[in-house]
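Student: Quick one: sequence plus predicted model below, questions after.
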Amino acid sequence: MKSRTIKVDYLARVEGEGALFVKIRGDKVEDVKLKIFEPPRFFEAFLRGRRYSEAPDITARICGICPIAYQMSAVHAMEDAFGIKVEGPLRDLRRLIYCGEWIESHVLHIYMLHAPDFLGVPDAIHLAREHPQIVQRGLQLKKAGNEIVTLLGGREIHPINVRVGGFYRVPTRSELAPLLERLKWARDAAIETVRWVARFPFPEFEPDYTFVSLRHPGEYPFNEGRLVSNRGLDISVREYDDHFTEEHVEHSNALHSVLKPRTPYFVGPLARYNLNFDRLSPVAQEEARAAGLADGCLNPFQSIIVRSVETVQACDEAVRLIERYERPAEPSVPVHPQAARGYACTEAPRGTLYHRYRIDESGTIREAKIVPPTSQNQKTIEQDLWQFIPQHLEESHDKLRWQCEQAIRNYDPCISCATHFLKLDLDRE
Amino acid sequence: MPNPSQPQLLIIGVGNPFRGDDAAGLLAVRRLKSAGLISAKIVEHSGEGASLMEAWKGARAVILIDAVSSGGRPGTIYRLEPASKPVPAEIFQGSTHAFSIPQAIEMSRALNELPRQVIIFGIEGRNFQAGTELSAEVNETLPELVRRVLEEAASLQTTGRIGE
């Protein structure tokens, strides 16, 4: 029986470092282990004993790519605990800053990390040499997202302007106005991006996934909604722990999330898209249809198209939000902490991000629980590899290794959210 | 093209304050700022590559400070000048980003946007686990790192390497 060994010591173009171990004997995959060494337990412990108001800025440090997602889940969980509702222009500004983060994060992944997989170049630097104008378009598009986050977040890196109840400071209409033209350009650039990536060659691969995402009565989901799945799940975020659990996995210090009793599930752009197509704006729907995704998208390799469609959505939504913006009289609503539990899910670029807090009567955090999207997707990534590898055993050693890396990259796994120094080893025997 | 809104000298400290020695770059620039000794724009940065490229675009000279992990003795200071040769990507694996300093430098170079002078100071870290404690070696070497950056900044400014 023929036996081969593949070893990948380092997984390029995944946020953080990963460890993957795959064991193949002959034509059979015997083992797939995606290893995560360190879940965000440090932050959960670090939060205990801190003020409720510190949670947004502390958790924002968990990921340099999606700080807004952490801030949003943190503030919504606190507001849930204290019975606060943030509405009107303040709610719009939160959607706007989230649009900025989606644009930044998606464009980074599309252009710098994922596109090289489909174009036969080793990385985005080669892409920049061969197609500088395409890479420049990506950089400018990403910058449009940066500008939103910088303006509303107070600074470009580690935004600090988001608070429980609203913002520390809100912009005037004239401060937002210059963004409008940029974002109209960005919307066109995002449309060009959809058309560009839709032409890439994709392997045929359509597993039978359980998709989970937020769903809102009238909006493509960012901050609010019920948690739904394509298998009939329809729950409030407060019921999260009744339906999802984290299993300790022997090969990893991380916990793998499952839908009870033991179903792996899929969060992120593909899940949101398949569960919320009808909530996309007309221009995003039109581009998705033209890209061939009218009937949904089950192929994770095509997630690059879905990320591009979501970038169109985020740019279009940002334009609308800026156009209708009226500066609120106060930058935040009053907050009165009380002993309570608070729960929130928001849709980070990579998928649903769950926060849960227990607060005491003085406003001190007694318990914190954070489940990043990458933790939730891990089991599904492993399942993809179990299915994908046997279909490609005839490939050369290097090509199969590269395809495994690509299958992981489909999820844009922000492994730094789930861990740090995750070493990715792919072993093939 | 030099950008008139950019300062002559930009000093960027890269890191994450919750990743042990990865905070070294941030702490170094905070010391530079509080010392108030140099006329340069000083910024703290997470190390995400695309926004780094944006940050240094049009600057004449850039000094980057970051923690590195090359297997060397913790606290060792490295000085790299990427103008002539690529930055070894593997030593920056302390970064949590797939697109970070080495990739940003090479991409800026590919797009003809790399500032004329780029100096990177790396400090070898011991511990990059989640936490807020610096290792003793890195903590002890920080003053020396700050002194070397000040020297470099002064040299860039007095030898005219920043000028037209």
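Tutor: Arrived safely, thanks for sending. Residues are numbered from 1 along each chain as shown, chains lettered A, B, ... in the order given.

Student: What parts of chain B come near chain A?
Tutor: Within reach of chain A by C-beta under 8 Å from any C-beta of the partner chain, chain B has these residues: B:16-19, B:44-51, B:53-55, B:90, B:93, B:96-99, B:103, B:106-107, B:110-111, B:128-132. The C-beta positions use only the backbone N, C-alpha and C, and glycine is treated the same way.

Student: Show the buried residues in those.
Tutor: B:16, B:18-19, B:44-51, B:53-55, B:93, B:96-99, B:103, B:106-107, B:110-111, B:128, B:130 (16 or more other C-beta atoms under 10 Å in any protein chain shown).

Student: Now do the SS call for A:Val29.
Tutor: What DSSP: H, G, I helix; E, B strand; the rest coil gives for A:Val29 is strand.

Student: And the closest residue to it other than its chain neighbours, what's its pLDDT?
Tutor: Spatial nearest neighbour of A:Val29, excluding adjacent residues (C-beta to C-beta, 6 or more residues apart in numbering or on different chains): A:Ile389 at 4.9 Å. You'll see A:Ile389 listed with a pLDDT of 90.

Student: same check, this time on the one 4 residues further on
Tutor: Per-residue confidence (pLDDT) for A:Leu393: 86.

Student: So what's the residue count around it?
Tutor: 15 (other C-beta atoms under 10 Å in any protein chain shown).

Student: Contact partners for the residue nearest to A:Val29?
Tutor: For A:Ile389, the contacting residues are A:Val22, A:Ile24, A:Val29, A:Val32, A:Leu400, A:Cys404, by C-beta atoms under 8 Å, 6 or more residues apart in numbering or on different chains.

Student: now swap in A:Phe205 and tell me
Tutor: Taking C-beta under 8 Å, 6+ apart, one finds A:Asn299, A:Pro300, A:Phe301, A:Asp384, A:Gln387, A:Phe388, A:Gln391 in contact with A:Phe205.

Student: Secondary structure element for it, which one?
Tutor: Assigned by DSSP states H and E, A:Phe205 belongs to no helix or strand.

Student: so where's the chain shaky on pLDDT?
Tutor: In the absence of a named chain, chain A is used. A:1-19, A:35-39, A:156-157, A:250-255, A:415-429 (pLDDT under 70).

Student: if you could check chain B rather than the one you did, that'd help
Tutor: B:1-6, B:37, B:89-98, B:160-164.

Student: which residues in it form strands?
Tutor: Counting by DSSP state E, the segments of chain B that form strands are B:9-14, B:41-45, B:61-68, B:77-80, B:117-124.

Student: just the ones you listed: most buried one?
Tutor: Comparing the strands of chain B on average neighbours per residue, with mean count of other C-beta atoms under 10 Å in any protein chain shown, the densest one is strand B:61-68 at a mean of 27.

Student: tell me the centre residue of chain B?
Tutor: Residue closest to the mean C-alpha point of chain B, counted by C-alpha atoms, centre = their mean, is B:Leu64 at 1.7 Å.

Student: residues contacting that residue?
Tutor: B:Ile12, B:Val14, B:Gly25, B:Ile101, B:Val118, B:Ile119, B:Ile120, B:Phe121.

Student: A:Thr263 too?
Tutor: Contacts of A:Thr263 (C-beta under 8 Å, 6+ apart): A:Thr210.

Student: how far away is it from A:Phe211?
Tutor: The gap separating A:Thr263 from A:Phe211 is 11 Å, by C-beta to C-beta, to the nearest Å.

Student: B:Val43 too?
Tutor: In terms of C-beta to C-beta, B:Val43 sits 40 Å off from A:Phe211.

Student: which non-adjacent residue is nearest A:Phe46?
Tutor: A:Ile58 (6.5 Å).

Student: ok, now B:Gln129?
Tutor: B:Gly20 (5.5 Å).

Student: Please tell me I have it right and that neighbour contacts B:Gly131.
Tutor: Yes - using C-beta atoms under 8 Å, B:Gly20 is in contact with B:Gly131, at 5.2 Å.

Student: what are the ranges of the strands in the stretch 101-250 of chain A?
Tutor: A:162-163, A:166-167, A:212-215, A:226-229, A:234-235, A:244-248 (DSSP state E, counting those that start in this stretch).

Student: residues in contact with the last one?
Tutor: Contact with strand A:244-248 is made by A:Leu255, A:His256, A:Ser257, A:Val258, A:Leu259, A:Lys260, A:Arg262, A:Tyr354, A:Val371, A:Ser375, A:Gln376, as judged by C-beta under 8 Å, 6+ apart.

Student: Ok, stretch A:284-294 next?
Tutor: Contacts for stretch A:284-294 (C-beta under 8 Å, 6+ apart): A:191, A:194-195, A:198, A:220, A:273, A:277, A:280, A:302, A:305-306, A:308-310, A:312-313, A:316.

Student: So which bits of it are buried?
Tutor: A:Ala284, A:Gln285, A:Glu287, A:Ala288, A:Ala291, A:Leu293.

Student: and those as a markdown table, adding secondary structure?
Tutor: What follows is those, written out as a markdown table (three-state DSSP):
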| residue | secondary structure |
| --- | --- |
| A:Ala284 | helix |
| A:Gln285 | helix |
| A:Glu287 | helix |
| A:Ala288 | helix |
| A:Ala291 | coil |
| A:Leu293 | coil |
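
Student: could the residues you listed be laid out in TSV, adding distance to A:Leu119?
Tutor: Output for the buried residues of stretch A:284-294, formatted as TSV (distance: C-beta to C-beta, whole Å):
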residue	distance to A:Leu119
A:Ala284	24
A:Gln285	27
A:Glu287	21
A:Ala288	22
A:Ala291	17
A:Leu293	20
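
Student: Looking at the residues you listed, which is nearest A:Glu367?
Tutor: Closest approach to A:Glu367 among the buried residues of stretch A:284-294 (C-beta to C-beta): A:Ala284, at 38.8 Å.

Student: Against A:Ala290, how distant is that closest one?
Tutor: According to C-beta to C-beta, A:Ala284 stands 11 Å off from A:Ala290.

Student: same deal with A:Gln71?
Tutor: Taken as C-beta to C-beta, the span from A:Gln71 to A:Ala290 is 35 Å.

Student: re the thing from before, would you mind finding the most buried of the strands of the stretch 101-250 of chain A?
Tutor: strand A:212-215 (a mean of 25).

Student: quick revisit: need the residues that contact whichever strand or helix holds the residue nearest to A:Phe46.
Tutor: Element membership for A:Ile58 (DSSP H and E) is helix A:55-59. With contacts defined as C-beta under 8 Å, 6+ apart, helix A:55-59 is touched by A:43, A:46-47, A:50, A:70-71, A:73-75, A:77-78, A:158, A:160, A:162-164, A:355, A:357, A:365, A:368, A:370.

Student: Mind doing that once more with 7 Å?
Tutor: A:43, A:46-47, A:50, A:70-71, A:74-75, A:78, A:160, A:162-164, A:357, A:365, A:370 (C-beta atoms under 7 Å, 6 or more residues apart in numbering or on different chains).

Student: Show me what the helix or strand that it is followed by is packed against.
Tutor: Once helix A:55-59 ends, the next helix or strand along the chain (criterion: DSSP H and E) is helix A:67-82. When contacts are defined as 3 or more C-beta pairs under 7 Å, 6 or more residues apart in numbering or on different chains; DSSP states H and E, helix A:67-82 sits against helix A:55-59, helix A:88-107, strand A:162-163, strand A:340-348, strand A:351-359.

Student: try 10 Å
Tutor: Contacts defined by 3 or more C-beta pairs under 10 Å, 6 or more residues apart in numbering or on different chains; DSSP states H and E place helix A:67-82 against helix A:55-59, helix A:88-107, helix A:132-153, strand A:162-163, strand A:166-167, strand A:340-348, strand A:351-359, strand A:365-371.
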